[in-house]
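Asks: need the 3D shape of this:
(chains A and B)
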Amino acid sequence: MGVLITPSMIGQVVISGLLAGSLYAMVALGLGLIFGVMRVLNVAHGPLLMMGAYTTFWLFQWIGLNPYLSLLVSMPLLFLVGIALQRFLVRRVVDAPELSSLLLTFGVSIALVNLAQLAFTSDLRSVEYLTGSFVVGPFALSKPRLATCAFAIAITVGAFVFLRSTRLGKAIRAVSQSREVAQVCGIDVQRIHLITFGLGSALAAAGGSLVAVMVAIQPEMGQVYTFKSFLVIVLGGAGNYPGALLGGLLLGLVEQMASLFLTSQVNEAVAYVLLVVVLLIRPTGLLKGRV
Amino acid sequence: MTMTSWKRLAPVALAGVVFASLPLPVAAQTPIKIGASMSVTGTYAKPGTYQKQGYDVCIDELNAKGGILGRKVELVIYDDQSTPATAVRLYEKLITEDKVDAVMGPYSSAVSEAVANVTEKYKKVMVAPLAATTSIFKKGRKYIFMVITPAENYLDGLIDMAAKRGLKTVAIIHEDTLFPKASAAGTVEAAKKKGMQVVLQEAYPKGNTDFSALLVKIKAANPDVIAAGTYFDDAVAITRQMKELNVNPKMFGLTVGGDLPEFYDLLKQNAEYVYGSTQWDESLPYPGQKEFLAAYKAKFKGQEPSYHTAAGYAGCLIYAEAVKKAGSLDADKVRDQLLKMEIKTAFGDYKVEPDGFQIAHKMVMLQWQDGKRIVVWPDDLANGKIRYPTPEWGKR
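Replies: From the prediction side, this is the model:
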């Protein structure tokens, strides 16, 4: 009953993989940024993404706002939520043993999901804005996924440029490389921490807004992105920002290939096997070191 | 209390005792107690509550008609929190402590399977209206009776419609959990019987949201029909991605999810032409349907019954009918009646094999047409014409 796999099928699946991977990369960059600067693994990253998705959904529902324009609301909104989380909660565990920050953000994650269930119910919601595809030769290019990919790449590149070229971006990288030296050089480390957590949350929110146009959303949609992001930053090299891009695209491709050549039941297993292999061969990730 | 007041009360008390021991007029007899546990909270709270409403409507109707065997009927229901272990304890309590005269089934296959061991042990007849898994009835149990159509037959209608239109190939996909797996296996059998070729069969994990690679394989296999064993989230995701990847089968049918109003709310015009299967629809011309709907809407204002309600209602009526025919609450006599009875209720046909397995009740296939659910199969129950073949995505 198997199907003969042709080159055009592989081509289609590579396209799907890259489209999905670009989103993973952007979302993981947010997680990686926070981890790189503070050594805090933010388990609530996925639920923050979920909040971004609901922001887009409600704006679309209430005032018919274009879901891509709603990025201009969801990102700043979650930037502020991120800053608040950092200011009132995460700040207390930055220098504590890693388990403390895991437990804290895990708690935040559960609270956010439950609040969303209370406020929005567990019903599926969808933003029917862009559906269908462009058919190019043997390939179908999904419109919402293409748009997601374009925005994800633009936002990721924007984040890179920000980190490379602006004063604030350089300060963030400086704190990530050595907090003590940065402090000695006159950088306000607490402020950088606030901004970093805000930025990381805004990247998650962007992911949520883009996901909302592709699939139906519900309060528990986020957790899977926490895990994927974690996988991506370990694959790419924790603290290495371009590594997140490589890791994201790789994860997208591997998942799709596993579904094509094997079944979709094993694609997660294959992704984690890949993680183990990378950790065995290059424990620092594919691109090692920090920016 | 003083001695004097005792003395004064004594004649009254004596009269009471004497009165109580006299043969009484029928209406004053103790009511028949029917016990059940129900998933009022927990994961099955929604369907469980629907089913309980069905029991309530049935009990009201029975009492309005004078009860069973001249006795009023009373429902004793406990919340099993959607947990089989809790339900087992509750059925033990119902039978041994509350000493109920009869029991009815709980919600879901999982809970029914668990409590069937208790009801068998105490030789209590249990009509289980919401147990759809075949294996429950194939373990040599004597006192459990099925009401709804089993999982394996959910997509018989889709295959039948396809075969009648000369379609030759089908791809079958399903979530890799108990119910969708069973429905997929049944669909494979049905397709083979009708001489259709299964060109692809594949499972996907629970919670899957990206179906691209699976749909690429289906597209390459180019089937006439896609049959999917789904719940709800996956039904929505698959439909959307079929459009994105431009997969255009002549027919596309779903087990669960495709029949719900929410399916259309989420997908809008992309739900058009999709087939969904359901156990029951309020438009079906079954006997007693109007009365059932009227009673339901009077009792639960502003709510709509689901198939769980209708099945619960019918299951309770079927049990009552068997007791009337048997003229007794005796388990073996009622069992004999349930085995040979053929009855049609607001939920459709009832007839079981000697192991209690349902063989008469029919699923119906719905098709989304202009935002409405139209019954298109079987022919004798259809309330509209099938729209076939399905046009390409851009033209829906």
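Asks: can you list the residues of chain A near chain B?
Replies: Within reach of chain B by C-beta under 8 Å from any C-beta of the partner chain, chain A has these residues: A:1-6, A:9, A:12-13, A:16, A:20, A:123-126, A:128, A:131-133, A:135, A:140, A:142-145, A:215-216, A:218, A:224, A:255-260, A:263-265, A:267-268. For every residue, glycine as well, the C-beta is placed using N, CA and C.
Asks: how about low-confidence regions in chain B?
Replies: Where chain B drops to pLDDT under 70, the residues are B:1-28.
Asks: got the domain ranges for it?
Replies: Taking automatic domain parsing as the reference, chain B has its domains at B:29-149+B:285-350, B:153-278+B:363-395.
Asks: so who does residue 93 touch?
Replies: Picking chain A for this. A:Val40, A:Ser100, A:Ser101, A:Leu104 (C-beta atoms under 8 Å, 6 or more residues apart in numbering or on different chains).
Asks: let me rephrase: I mean chain B.
Replies: Counting by C-beta under 8 Å, 6+ apart, B:Lys93 makes contact with B:Tyr78.
Asks: skip ahead from the helix or strand where it lies and say which helix or strand is next.
Replies: In this assignment (DSSP states H and E), B:Lys93 forms part of helix B:84-96. Counting by DSSP H and E, the element after helix B:84-96 in chain order, helix or strand, is strand B:102-104.
Asks: rewinding a little: between the domains of chain B, which one is closest to A:Gly198.
Replies: domain B:153-278+B:363-395 (27.8 Å; C-beta to C-beta).
Asks: save the domains of chain B as TSV, and put in distance to A:Arg167 too.
Replies: Formatted as TSV, the domains of chain B follow (distance: least, C-beta to C-beta, whole Å):
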stretch	distance to A:Arg167
domain B:29-149+B:285-350	52
domain B:153-278+B:363-395	40
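Asks: in the stretch 101-250 of chain A, which spans are helices?
Replies: In the stretch 101-250 of chain A, the helices defined using DSSP state H, counting those that start in this stretch lie at A:143-165, A:167-177, A:179-184, A:189-214, A:223-236, A:241-261.
Asks: okay, the angle between the fourth one and helix A:167-177?
Replies: So that's helix A:189-214. 100 degrees (axes from the mean of the first three to the mean of the last three C-alpha atoms, to 10 degrees).
Asks: okay, the angle between helix A:189-214 and helix A:223-236?
Replies: Using the same axes, to 10 degrees: helix A:189-214 against helix A:223-236 is 120 degrees.
Asks: and chain B, which residues reach chain A?
Replies: Near chain A, when you scan chain B using C-beta under 8 Å from any C-beta, you find B:176, B:198-205, B:207-214, B:216-217, B:220-221, B:232-233, B:236-237, B:240-241, B:243-246, B:262, B:266-268, B:270, B:393-394.
Asks: hang on, the earlier thing: let's have the helices of the stretch 101-250 of chain A in CSV, adding mean pLDDT.
Replies: As requested, those are exported to CSV (pLDDT from 0 to 100):
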stretch, mean pLDDT
helix A:143-165, 93
helix A:167-177, 93
helix A:179-184, 91
helix A:189-214, 96
helix A:223-236, 91
helix A:241-261, 90
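Asks: state the distance from the residue nearest the centre of chain B to B:Ala311.
Replies: In chain B, the centroid-proximal residue (C-alpha atoms, centre = their mean) is B:Leu130; its distance is 4.0 Å. Distance check for B:Leu130 against B:Ala311: by C-beta to C-beta, to the nearest Å, it reads 6 Å.
Asks: same thing with A:Val277?
Replies: Distance, A:Val277 to B:Ala311, by C-beta to C-beta: 51 Å.
Asks: you'd agree the residue nearest to the centre of chain B is up against B:Lys52?
Replies: No: judged on C-beta atoms under 8 Å, B:Leu130 makes no contact with B:Lys52 at a distance of 10.8 Å.
Asks: spit out the residues that contact the two alike.
Replies: B:Gly312.
Asks: related to what we said a few turns ago, and A:Leu250, which of the domains of chain B is closest to it?
Replies: domain B:153-278+B:363-395 (15.8 Å).
Asks: returning to that earlier point: closest one to A:Leu59 among the domains of chain B?
Replies: When these are compared (using C-beta to C-beta), the closest one is domain B:153-278+B:363-395, at 17.7 Å.
Asks: would you map the strands across the stretch 101-250 of chain B?
Replies: Along the stretch 101-250 of chain B, counting by DSSP state E, counting those that start in this stretch, strands occupy B:102-104, B:126-128, B:144-146, B:169-175, B:197-204, B:225-229.
Asks: what's the burial count for B:Phe232?
Replies: 19 (other C-beta atoms under 10 Å in any protein chain shown).
Asks: A:Val81: which of the domains of chain B is closest?
Replies: Of the domains of chain B, nearest to A:Val81 by C-beta to C-beta is domain B:153-278+B:363-395, at 24.3 Å.
Asks: now the end-to-end length of the closest one.
Replies: 31 Å (C-alpha to C-alpha, to the nearest Å).
Asks: for residue 255, list the residues it contacts.
Replies: Chain wasn't specified; assuming chain A. So, once contact is read as C-beta under 8 Å, 6+ apart, A:Glu255 ends up touching A:Gly17, A:Ala20, A:Asn267, A:Glu268, A:Val270, A:Ala271, B:Asp210.
Asks: oops, chain B please
Replies: Counting by C-beta under 8 Å, 6+ apart, B:Thr255 makes contact with B:Ala151, B:Tyr154, B:Leu155, B:Phe179, B:Pro180, B:Ser183, B:Ala228, B:Gly229, B:Thr230, B:Ser277.
Asks: and the gap between it and B:Gln289?
Replies: 24 Å.
Asks: repeat for B:Asp60
Replies: Distance from B:Asp60 to B:Gln289, by C-beta to C-beta: 17 Å.
Asks: name the residue in these two with the higher neighbour count.
Replies: Neighbours were counted for B:Asp60 and for B:Gln289 using other C-beta under 10 Å; B:Gln289 has more, 19 against 15.
Asks: that's a helix at B:Leu366, yeah?
Replies: No: when classified by DSSP: H, G, I helix; E, B strand; the rest coil, B:Leu366 is found to be strand rather than part of a helix.
Asks: ok, for it, nearest residue in space, not its chain neighbours?
Replies: Spatial nearest neighbour of B:Leu366, excluding adjacent residues (C-beta to C-beta, 6 or more residues apart in numbering or on different chains): B:Arg373 at 4.5 Å.
Asks: near the one you found, how many other residues are there?
Replies: Around B:Arg373 there are 23 residues (other C-beta under 10 Å).
Asks: distance between the strand or helix carrying it and the chain's centre?
Replies: For B:Arg373, the host element (DSSP H and E) is strand B:372-377. Its chain's C-alpha centre and that of strand B:372-377 lie 19 Å apart, by C-alpha atoms, centre = their mean, to the nearest Å.
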